[in-house]
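Trainee: here is a sequence together with a model predicted from it:
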Amino acid sequence: MNQTATNETIITAKTVDEALTRACAELGAPSVEALTYTVLEEPKRGLFGIGATPARVQVGYAAPASAPEAAADPALAFIETLLHNMQLDVSVTVTEPAEGEKYISITGDAAGVLIGHHGDTLDSLQYLTNLAVNKKRGDNKRDYVKVTVDVENYRAKREETLRALARRKADAVLKYGKSIMLEPMNPYERRIIHSEVQLIDGVSTNSVGTDNNRKIVIFPEDRGALARGKKKDEE
């Protein structure tokens, strides 16, 4: 998406400052600081006003592109407006994988900034989009829509990473008979870990902690193996 539209003009005035002030009005710039300019000819005062020449200044103004037209889809409209304000050159598509669900995909070289550490920024963007789409109307009537926002297929890649982590840690639990605590994760990522470990015989999971510090513990279902592991550590 184009982010700016550059306009240029040549202004002739008694001084450079006067030329820039007139350029602001002509180009619709909010201030002189928003202009770029080249002085083509410096003004000359002449002698007693005789032989005086004005300043000629080439002035440019990169005006912000007009905001995108409101899309019929409120989720798409919210995302596109936000990305426009961030001046990110990306592409946005929306699909409906099931009734009451929307999947918004953002792609482009500049899209990575929307992911954040382990998807924190992406999760916040998704949360805000759901709030915007599902806000109450004046008549309090609304149909809830679940919106998933993804960037460069990050969620599928992250899910596979988490499933591989769950399998690897579960193998370690079975091998050493000791429980393992993972780093704090959000509810979405914890569900992935829980579901993957459930596919592995001999291990189970539990969540401990509160709020943003909630962690998953993978432990052997054979409590005897856990006790033997603890005893081995003490010896």
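Mentor: Arrived safely. Numbering: from 1, shown residues only.
Trainee: so where is this protein shaky, pLDDT-wise?
Mentor: 1-6, 46-51, 63-71, 136-142, 223-235 (pLDDT under 70).
Trainee: what's the single longest helix in it?
Mentor: helix 154-176 (DSSP state H).
Trainee: next SSE after it?
Mentor: strand 180-181 (DSSP states H and E).
Trainee: count of residues packed around residue 216?
Mentor: Neighbour count of residue 216, defined by other CB atoms under 10 Å: 24. For every residue, glycine as well, the C-beta is placed using N, CA and C.
Trainee: that should have said residue 33, apologies.
Mentor: The number of residues near residue 33, taken as other CB under 10 Å, comes to 8.
Trainee: helix, strand or coil: sort out it for me.
Mentor: Counting by DSSP: H, G, I helix; E, B strand; the rest coil, the backbone at residue 33 sits in helix.
Trainee: where do the strands sit along the protein?
Mentor: 4-13, 35-41, 55-64, 91-95, 101-107, 146-151, 180-181, 203-208, 215-220 (DSSP state E).
Trainee: same for the shortest one, what does it pack against?
Mentor: Same thing as strand 180-181. helix 154-176, strand 215-220 (3 or more CB pairs under 8 Å, 6 or more residues apart in numbering; DSSP states H and E).
Trainee: now the longest one and strand 101-107, what's the angle there?
Mentor: Orientation of helix 154-176 against strand 101-107 (axes from the mean of the first three to the mean of the last three CA atoms, to 10 degrees) gives an angle of 100 degrees.
Trainee: helices and strands around helix 154-176, which ones?
Mentor: By 3+ CB pairs under 8 Å, 6+ apart, helix 154-176 packs against strand 180-181, helix 187-197, strand 203-208, strand 215-220.
Trainee: quick check: residue 128 vs residue 94, distance?
Mentor: Going from residue 128 to residue 94 by CB to CB, to the nearest Å gives 16 Å.
Trainee: to clarify, my last question referred to residue 217.
Mentor: 38 Å.
Trainee: could you do residue 58 as well?
Mentor: 43 Å.
Trainee: with adjacent residues omitted, what lies nearest to residue 204?
Mentor: residue 221 (5.2 Å; CB to CB, 6 or more residues apart in numbering).
Trainee: could you report the neighbour count for the one you found?
Mentor: 12.
Trainee: thought it was touching residue 203?
Mentor: Yes - with contacts counted by CB atoms under 8 Å, residue 221 reaches residue 203, the gap being 6.3 Å.
Trainee: contacts only, for residue 148.
Mentor: The neighbours of residue 148, taking CB atoms under 8 Å, 6 or more residues apart in numbering as the test, are 101, 102, 103, 104, 126, 155.
Trainee: at 7 Å what do you get?
Mentor: 103, 126 (CB atoms under 7 Å, 6 or more residues apart in numbering).
Trainee: may I have the beta-bridge partners of it?
Mentor: residue 103 (DSSP bridges).
Trainee: again with residue 9
Mentor: Applying DSSP bridges, one finds that residue 9 bridges with residue 59.
Trainee: circling back: quick check: buried residues in the longest helix of the chain?
Mentor: 154, 155, 158, 162, 163, 165, 166, 169, 170, 173, 174, 176 (16 or more other CB atoms under 10 Å).
Trainee: JSON lines please, covering the residues you listed and showing distance to residue 74.
Mentor: Listed next are these as JSON lines, based on distance: CB to CB, whole Å:
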{"residue": "154", "distance to residue 74": "23"}
{"residue": "155", "distance to residue 74": "22"}
{"residue": "158", "distance to residue 74": "26"}
{"residue": "162", "distance to residue 74": "31"}
{"residue": "163", "distance to residue 74": "33"}
{"residue": "165", "distance to residue 74": "36"}
{"residue": "166", "distance to residue 74": "36"}
{"residue": "169", "distance to residue 74": "41"}
{"residue": "170", "distance to residue 74": "42"}
{"residue": "173", "distance to residue 74": "45"}
{"residue": "174", "distance to residue 74": "48"}
{"residue": "176", "distance to residue 74": "51"}
